[in-house]
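[1] the amino acid sequence is not available; the structure is as follows:
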């Protein structure tokens, strides 16, 4: 297969290298707004670089991977759809709700499927949690706890274009809760704070947040996160049921220090960032994308899934700003 890739920044270059290493990929064609960067990555990895997106989309591709800036996602998905290409796009679908909804509606009736990159759906632990919940072995689920905390804040220049904490960071937890439980969020109540660098508040963002989500079956999901978790990158999900409880992320690299006497757990080196923690999941999602291009599977994470996670993020941001519970129906109109 011949796969195009737009955007060769950190995650794009990683995806390009992954694609190159897959047996059923014959060539990877890359393009970037910075053509010199595209040429450099192509030279380093032994790929083909082209001058722009128009040239790339006309290069006889079987599928396209979008890793460009968030602000370009909606346009690029639309152009890939016009070209009839099966598409993988890093989250989010678009930078705002209107654009996300427009793309979700546009691709719903198209023959070329779109796969949105929520990589936790391909992590072994999250998949095992989904299996445990959906099998009924945990009984009925009363509580889900999910957390995402960065070891260090992003670069200040990233924050103004990130979409804010809920849309950039917690959105992974929102999608993971939907994925693991198979249920939808009906209401949220969220809070946030700024106790770190001034650039968060200057961009009208927050550096730590928490939210209570109520699912359509009554399950309560507790979401938390921070840009300041100095001990290491921390991603966990707990599913607590009437018969049993399970946890994802409770391994020897857990970035917590026990104060109980005689306890040596966890003793490993914590993960530094999301790329290290989810390395295999990123690989596995592209393996799945190649199966999607070949027509062997249905879309693992659709634009509609991307829209639902974005709606939860939008509701949380509204709740945090107005200090009240928000029903998803308010933002889903």
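    Right, received. Where do you want to start? This is a predicted model, so every value here is computed, not measured. Residues are numbered from 1 along each chain as shown.
[2] C-alpha only now, for contacts and for neighbours.
    Noted.
[3] any idea how far residue 266 is from the most centrally placed residue in the chain?
    What sits nearest the mean C-alpha location of the chain, by Cα atoms, centre = their mean, is residue 118, with 3.5 Å. For residue 118, the distance to residue 266 equals 27 Å [Cα to Cα, to the nearest Å].
[4] do the same with residue 94
    Distance, residue 94 to residue 266, by Cα to Cα: 38 Å.
[5] the two: who's more crowded?
    residue 94 (29 against 16; other Cα atoms under 10 Å).
[6] my read is the more buried one is in a helix, agree?
    No: per DSSP: H, G, I helix; E, B strand; the rest coil, residue 94 lies outside any helix segment and is coil.
[7] ok, longest helix in the protein?
    Using DSSP state H to define each element, the chain has its longest helix at helix 303-322.
[8] which strands and helices lie in contact with the next helix or strand after that helix?
    Tracing the chain C-terminally past helix 303-322 and defining elements by DSSP states H and E, one meets strand 326-327 next. Strand 326-327 is packed against strand 185-193, helix 303-322, with contacts defined by 3 or more Cα pairs under 8 Å, 6 or more residues apart in numbering; DSSP states H and E.
[9] ok now the lowest-mean-pLDDT helix or strand in the chain, how far from the chain's centre?
    Every helix and strand in the chain was compared by mean pLDDT, DSSP states H and E; the lowest is helix 97-108, with a mean of 93. Using Cα atoms, centre = their mean, to the nearest Å, the distance from the centre of helix 97-108 to the centre of the chain it belongs to is 17 Å.
[10] helix or strand for residue 281, which one?
    helix 279-293.
[11] by contact count, what packs against that helix?
    On a contact count with 3+ Cα pairs under 8 Å, 6+ apart, helix 279-293 meets helix 10-20, strand 86-90.
[12] could you dump these to CSV with mean pLDDT, mean neighbour count and distance to residue 255?
    Listed next are those as CSV, based on pLDDT from 0 to 100; neighbours: other Cα atoms under 10 Å; distance: least, Cα to Cα, whole Å:
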stretch, mean pLDDT, mean neighbour count, distance to residue 255
helix 10-20, 97, 19, 24
strand 86-90, 97, 25, 27
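[13] and the strands in the chain, which stretches?
    Here the chain has its strands, by DSSP state E, at 2-6, 27-31, 48-49, 63-66, 86-90, 114-117, 141-149, 185-193, 208-215, 220-226, 234-241, 245-248, 326-327.
[14] include distance to residue 134 when you put these into TSV, please.
    Converted to TSV, those look like this (distance: least, Cα to Cα, whole Å):
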stretch	distance to residue 134
strand 2-6	35
strand 27-31	37
strand 48-49	43
strand 63-66	31
strand 86-90	26
strand 114-117	22
strand 141-149	10
strand 185-193	17
strand 208-215	15
strand 220-226	16
strand 234-241	11
strand 245-248	13
strand 326-327	25
